[in-house]
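*Asks:* Give me the fold of what follows.
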Amino acid sequence: MALDELLSRNGKLVILGEESLAQLGSALPEFIRTDNQLDLRDDAIPQRYLVAIKAF
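*Replies:* Numbers count the residues shown, from 1 in each chain. Okay, the predicted model is just below:
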């Protein structure tokens, strides 16, 4: 839903660089894929979002 809203407002997705992907990979649980596009999964709790944001 968020992606649909972003695109409806002519927004663009960021392409994460290798360094950012590495930081996310070390900060998030192993079962979270950190390739483009990042998916924190539908069961993500607020803490997982905080970890992802703080990785940058």
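
*Asks:* Quick one: classify the residue nearest the centre of the chain as helix, strand or coil.
*Replies:* A centroid search over the chain (C-alpha atoms, centre = their mean) returns residue 38, at 3.7 Å, as the residue closest to the centre. Following DSSP: H, G, I helix; E, B strand; the rest coil, the label given to residue 38 is coil.

*Asks:* Give the residue spans of the chain that score low on pLDDT.
*Replies:* 36-37 (pLDDT under 70).

*Asks:* Spell out the residue ranges of the helices in this protein.
*Replies:* For the chain, the helices defined by DSSP state H cover 2-8, 18-27, 46-54.

*Asks:* which ones are touching the closest residue to residue 40 other than its chain neighbours?
*Replies:* Closest residue to residue 40 apart from its sequence neighbours, by C-beta to C-beta, 6 or more residues apart in numbering: residue 48 at 5.3 Å. C-betas here are computed from N, CA, C, even on glycine. Residue 48 makes contact with 28, 29, 32, 40, 41 under the criterion C-beta atoms under 8 Å, 6 or more residues apart in numbering.
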